[in-house]
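Enquirer: Below is the sequence, then the predicted model.
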Amino acid sequence: MLLFSRQGKLRLQKWYVPLSDKEKKKITRELVQTVLARKPKMCSFLEWRDLKIVYKRYASLYFCCAIEDQDNELITLEIIHRYVELLDKYFGSVCELDIIFNFEKAYFILDEFLLGGEVQETSKKNVLKAIEQADLLQESQNEEWGGLSEDIL
Amino acid sequence: MVVSSLKLQDFIEEIRGAKTQAQEREVIQKESAHIRASFRDGDPVQRHRQLAKLLYVHMLGYPAHFGQMECLKLIASPRFIDKRVGYLGAMLLLDERHDAHLLITNSIKNDLSQGVQPVQGLALCTLSTMGSAEMCRDLATEVEKLLLRPGPYVRKKAILTAVHMIRKVPELSDIFLPPCAKLLHERHHGILLGTITLIMELCQRSPAALRHFRKVVPKLVQILRTLVTTGYSTEHSISGVSDPFLQVQILRVLRILGRNHEESSETMNDLLAQVATNTNTSRNAGSAVLFETVLTIMDIRSAAGLRVLAVNILGHFLLNSDKNIRYVALTSLLRVVQSDHSAVQRHRPTVVECLRETDASLSRRALELSLALVNSSNVQAMTQELQAFLESCPPDLRADCASGILLAAERFAPTKRWHIDTILHVLTTAGAYVRDDAVANLTQLIGGAQELHAYSVHRLYHALAEDISQQPLVQVAAWCIGEYGDFLLENCEETEPLQVEEEEVVALLEKVLQSHMSLPATRGYALTALMKLSTRLQGDTNRIRQVVSIYGSCLDVELQQRAVEYNMLFQKYDHMRAAILEKMPLVDHGSREADEKAKESREAAQLSKAKGPVPTELQTSKLLDLLDLLDDASGDTQQPAPPNPSPEGGLVHLLDLPCAPPPPAPIPNLKVFEREGVRLNLSFARHPGTPALLLITVTTTNSSEDDVTHFICQAAVPKSFQLQLQAPSGNTAPARGGVPITQLFRILNPNKAPLRLKLRLTYNHFGQSVQEIFEVNNLPVETWQ
């Protein structure tokens, strides 16, 4: 899954197959170019190499997934939408800046929704609860170490 | 002491504040130095912040490899925040190509066995994202333990990690197969989803697993049924559809389990019908489920009625206002058009509408599907639509559209004249995009249609007069004018009367010769045509002689050679000129030329150059494309037939025409079925270019008193064969010996294995629906030897 802005700046990249950094960069560049070249009214699916690409634009961010031939494109759109909803719930009306400044949180949320490239939890509530628990755990540990002055990440 | 470095958010802000690329690089380099220093001797408490900054920089594309070891240290730390960032770093910076990645195996093991749930979650997540084969082997037992312990949060992750492990190390399937059946009884959707994904993965890797899991089909059916019939549940529903993610996954695994298995497919039939009819498709989620249902129906051994329902759903999708849904519908219809041709035909008008789509990927799909739907009854209407499309379609689709139209015209042309008109139209609209053999085909066609010579030459002349830039058109026109120039001077009733003067004809050909736009090949055609005209036209040949001699010193070697030889013809062999330049004999497509003409041509070979090997290649490439067109839908690719070298190496035509070895001895016909006056006959032929390809024509005759309707014939062959069914000529065999139904089967038998053929017929007769399944016995040995 790739998230990128209208100017082609990468905001999040989650790879589920092992590729070298160079290959990842090349693929990212190509995909970004291809998707940005699409006109607004075109359909959300395109074929690229031997994969299917599903993308959707939310405000200034493009959410782009590469799926295999036997995967269902329409449900992938739902997956993208669900991820956006999760981000929205977590950040409270999410915008691109939230994702930029809290990119690691965006990853954590994604990792509670998808695992190894597959959906792991279909209940929005459960995903958000899990993140909450993790955040609490993080906080509580910070309190233990309250003596050292440090800023919360 | 190093100056305290920036907070993550400040750092990000500073980077974004940079106005140029160079400035950005500077900021990053400065901070990277800090980070590196901090890694070396900095405060361990700050480490996670430094790594986070490094990860941000990595996303922007800057080097971050020096952070790899820090990931290890952070993962090993007892603090949750360290682990969180450390594992994230591992997923982003480490992968199986780096030796360092193995070092985290131990930390993961510890975290899996001793960590609290969120920590276990992190470890599993990392393992499933970047776990290499070695790591998977080492940690398989740990993951298995977690799979069996209660607590859905970790369990669901363990299951999906198992999926990843099996993908990396298929042998691990043995460990993860046993728990699956039990896990299906859990109620947690996340666990169910993971389990089903695991089952799918296991089944795809091993036929034994596939057989094993057929037992759980009833359970899966039950789960899906519950989902579909239970009411709305806020937690899992999307726009009125209960947990579409889970539904889609169940449908996928049912597809895998039901494929080629009657019993399982039967168990699913009712449920699939239920899902197909009850799903709320007002929003995308429902459509996604419905789409998956359709795919499953088409892929398993479903009842005929269900398949028709599925195709109708796809047809309905085509009318949806959502482009995405139209796209998936077109793609799926293309996949099923071969096997369920008549069902898809019903939606032809809608498909043709889709040609007008503005979105290129949609119109491309619509084009492929439209071409697959052309048959003898709709060819004229379809060709009209396709020609309209050709005029307005984007350039990258033109070539496909043009060849598609030409192929369709060839297969189904009702009259020769219509065929010629169609090709002519394509050449004028999109001449630059047609394939090379279109020229050969058209000349062949015209040559064979004696009654249309006058008509053709008139039309081509006019077309040429208007536009000499489209090379294929010019080539054909030049050839035609050369051959039939004498008709040009007479009036032809079928075209507008226009008096054509000899001078004009010669001038036009000269123009072609001189034009910058003409390819060398085209010039060759024009020159030869001029030469032929010297015998056809009554008037004086001096002008032609002049032109010919000018080209005797042309830079292009081919033209020069021709011109010199023609010159010789004028000078020394003038008495033979008429004989040599006689009208071309008709060459049967795919059969040997008459020996007489061959001898004469061989003499002429000394005067003109040969292009021997090219014609057969043209013919075989056309054959390949014919196969490709049919193969599109089935997805198989045929073995390309090796081009047969021309049997008479020096065989020459003044114009290049294809030829092939003679057809082999015929195979006897076979009557295979008879019931109440309905009879099925098989006739066999070998494809002339491809010995391994057997063509079977199935002819269904009806001598009874009642019509046979809704006739469908399906066939099955052993695995080593490849079978293709072309669309039948129709579905109805009228009573009392009416027009029989014919259908062509193409069977490719590369291994020369003994042929076995099973046929399944369904039709309505005397008010009853009949279904017959039988194997064809007594297949003559020549069919496969």
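Expert: Arrived safely.

Enquirer: Residue 56: neighbour count?
Expert: No chain was given, so I picked chain A. 16 (other C-beta atoms under 10 Å in any protein chain shown). All C-beta atoms are positioned from the backbone trio N, CA, C, and that covers glycine.

Enquirer: switch to chain B, that's the one I care about
Expert: For B:Tyr56, using other C-beta under 10 Å, the count is 21.

Enquirer: Is there proximity between the helix or strand where B:Lys182 lies and chain A?
Expert: Element membership of B:Lys182, judged by DSSP states H and E, is helix B:179-183. No - no part of helix B:179-183 sits near chain A under the criterion C-beta under 8 Å from any C-beta of the partner chain; the closest distance found is 14.0 Å.

Enquirer: Run a quick neighbour tally on B:Arg459.
Expert: Around B:Arg459 there are 21 residues (other C-beta under 10 Å).

Enquirer: Repeat that for B:Leu193.
Expert: Residues lying near B:Leu193 (other C-beta under 10 Å) number 24.

Enquirer: So it sits against A:Ser123, correct?
Expert: No - between B:Leu193 and A:Ser123 there is no contact under C-beta atoms under 8 Å: 10.5 Å.

Enquirer: Between the two, which contacts overlap?
Expert: Here B:Leu193 and A:Ser123 have no joint contacts, going by C-beta atoms under 8 Å, 6 or more residues apart in numbering or on different chains.

Enquirer: if we can go back for a sec, which helices and strands does the helix holding B:Lys182 pack with?
Expert: Packing partners of helix B:179-183 (3 or more C-beta pairs under 8 Å, 6 or more residues apart in numbering or on different chains; DSSP states H and E): helix B:133-148, helix B:189-205.

Enquirer: Go through the ones you listed and name the closest to chain A.
Expert: helix B:189-205 (4.5 Å; C-beta to the nearest C-beta).

Enquirer: for stretch B:746-754, the distance to its chain's centre please.
Expert: Put simply, stretch B:746-754 sits 23 Å off its chain's centre (C-alpha atoms, centre = their mean, to the nearest Å).

Enquirer: List the buried residues of it.
Expert: Within stretch B:746-754, the residues scored as buried using 16 or more other C-beta atoms under 10 Å in any protein chain shown are B:746-749.

Enquirer: distance between the ends of that stretch?
Expert: 16 Å (C-alpha to C-alpha, to the nearest Å).

Enquirer: what's the average pLDDT for that stretch?
Expert: What stretch B:746-754 shows for mean pLDDT is 81.

Enquirer: contacting residues around stretch B:367-378?
Expert: By C-beta under 8 Å, 6+ apart, the surrounding residues in contact with stretch B:367-378 are B:330, B:333-334, B:337-338, B:344-345, B:348, B:351-352, B:354-355, B:382-383, B:385-386, B:389, B:393, B:397, B:400-401, B:404, B:407-408, B:411-412, B:414, B:629, B:632-633, B:727, B:729-730.

Enquirer: Narrow these to those that are buried.
Expert: Buried, going by 16+ other C-beta under 10 Å: B:330, B:333-334, B:337-338, B:344-345, B:348, B:351-352, B:354-355, B:382-383, B:385-386, B:389, B:393, B:397, B:400-401, B:404, B:407-408, B:412, B:629, B:632-633, B:727, B:729-730, out of these.

Enquirer: where are the low-confidence patches of chain A?
Expert: A:143-153 (pLDDT under 70).

Enquirer: quick one, helices of it?
Expert: A:21-36, A:73-91, A:96-101, A:103-113, A:124-144 (DSSP state H).

Enquirer: how about the ones you listed, which one is nearest chain B?
Expert: Chain B lies closest to helix A:73-91 among the helices of chain A, at 3.5 Å (C-beta to the nearest C-beta).

Enquirer: For that closest one, which outside residues touch it?
Expert: Residues from elsewhere that reach helix A:73-91, judged by C-beta under 8 Å, 6+ apart: A:1, A:44-45, A:52, A:54, A:56, A:58, A:63, A:65, A:67, A:94, A:98-99, A:102, A:105-106, A:109-110, A:113-114, A:119, A:124, A:127-128, A:131, B:238, B:244-245, B:248, B:284-285, B:287-289, B:291-292, B:324-325, B:327-328.

Enquirer: Return the subset of the residues you listed lying in strands.
Expert: A:45, A:52, A:54, A:56, A:58, A:63, A:65, A:67, A:114, A:119, B:238 (DSSP state E).

Enquirer: Tell me which two in those residues are the farthest apart.
Expert: Spatial extent of the ones in strands among the contacts of helix A:73-91 (C-beta to C-beta) is set by the pair A:Lys52 and B:Ile238 at 21.4 Å.

Enquirer: ok so, going back, comparing the helices and strands packed on helix B:179-183, which stretch has the densest surroundings?
Expert: Most buried of these by mean neighbour count (mean count of other C-beta atoms under 10 Å in any protein chain shown) is helix B:189-205; its value is a mean of 23.

Enquirer: Tell me the helices and strands packed up against that one.
Expert: Counting by 3+ C-beta pairs under 8 Å, 6+ apart, helix B:189-205 packs on strand A:118-119, helix B:152-168, helix B:173-176, helix B:179-183, helix B:207-213, helix B:244-258.

Enquirer: what residues does the helix or strand following the fifth one touch?
Expert: Okay, so that is helix B:207-213. Later in the chain than helix B:207-213, the nearest helix or strand by DSSP H and E is helix B:217-229. By C-beta under 8 Å, 6+ apart, the residues outside helix B:217-229 that reach it are B:184-185, B:192, B:196, B:242-243, B:246-247, B:250-251, B:253-254, B:257-258, B:264, B:267-268, B:271, B:274-275, B:278-279.

Enquirer: How about stretch B:721-730?
Expert: By C-beta under 8 Å, 6+ apart, stretch B:721-730 touches B:338-339, B:341, B:375-377, B:630-631, B:634, B:636, B:638, B:711, B:713-717, B:739, B:741-749, B:753, B:755.

Enquirer: Kindly report the same for stretch A:54-68.
Expert: A:1-6, A:11, A:31-32, A:35-36, A:38, A:44-46, A:48, A:51-53, A:73, A:76-77, A:79-81, A:83-84, A:95-96, A:99.

Enquirer: May I see the ChimeraX selection of the buried members of those?
Expert: The buried subset of the contacts of stretch A:54-68, as determined by 16+ other C-beta under 10 Å, is captured in ChimeraX by this line:
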select /A:1,2,3,4,5,11,31,32,35,38,44,45,46,51,52,53,73,76,77,79,80,81,83,84,96,99
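
Enquirer: Flag the shaky bits of chain B, pLDDT-wise.
Expert: In chain B (pLDDT under 70), the answer is B:1-5, B:231-232, B:491-499, B:538-540, B:584-666, B:689, B:785.
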